[in-house]
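A.B. asks: The sequence and its predicted three-dimensional model are supplied below.
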Amino acid sequence: MKPLKGDTQLVTILCDRFWPDAHGGLERKMWNLSRAMAGCGLSVRVITENRTGALENETVHPGLVVERVASRADGGFWRCRSLGGR
């Protein structure tokens, strides 16, 4: 799916772990999915926890930006009421 000329389509993905913090299948699937969407001309932003000390904001592939937020020991970010958690 290619965006119409002049249009920018943004996809935001929330994922608790993302490249380079790769521990298993989910991280690999999110990496492949986000690169494929960017390859289709979409602008992709991944918001994830920074568990490895990686850069806070990084373009890791053309059209793919990763924004890393500080981890919380209690995992509270992923349970935030505004994100639909309890």
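C.D. replies: Looks like it arrived, so ask away. Numbering: from 1, shown residues only.
A.B. asks: Quick check: the residue nearest the centre of the chain vs residue 60, distance?
C.D. replies: In the chain, the C-alpha nearest the mean C-alpha coordinate belongs to residue 46, at 1.6 Å (C-alpha atoms, centre = their mean). Per C-beta to C-beta, to the nearest Å, residue 46 is found 9 Å from residue 60. For every residue, glycine as well, the C-beta is placed using N, CA and C.
A.B. asks: Tell me the bridge partners for residue 69.
C.D. replies: Here residue 69 shows beta-bridge partners residue 49, assigned using DSSP bridges.
A.B. asks: Check the contact between it and residue 54; I expect there is one.
C.D. replies: No: with contact defined as C-beta atoms under 8 Å, residue 69 does not count as touching residue 54 (11.5 Å).
A.B. asks: Neighbour count: the two, which is higher?
C.D. replies: residue 54 (15 against 11; other C-beta atoms under 10 Å).
A.B. asks: In a strand, residue 12, correct?
C.D. replies: Yes: assessed by DSSP: H, G, I helix; E, B strand; the rest coil, residue 12 belongs to a strand.
A.B. asks: List the contacts of it.
C.D. replies: Neighbour list for residue 12: 44, 45, 46, 47 [criterion: C-beta atoms under 8 Å, 6 or more residues apart in numbering].
A.B. asks: In strands, which of those residues fall?
C.D. replies: Among the contacts of residue 12, the members falling in strands (DSSP state E) are 44, 45, 46, 47.
A.B. asks: Out of those residues, which two sit at the greatest distance?
C.D. replies: Put simply, by C-beta to C-beta the two of the ones in strands among the contacts of residue 12 set farthest apart are 44 and 47, 10.9 Å from each other.
A.B. asks: Spit out the residues that contact those two alike.
C.D. replies: 12, 13.
A.B. asks: of the two, who's got more company?
C.D. replies: Under the criterion of other C-beta under 10 Å, the comparison of residue 44 against residue 47 puts residue 44 first, with 23 against 16.
A.B. asks: which ones are touching the more buried one?
C.D. replies: 10, 11, 12, 13, 34, 37, 38, 63, 64, 65.
A.B. asks: where in this structure is pLDDT low?
C.D. replies: Applying pLDDT under 70 to the chain flags residues 1-7, 22, 73-86.
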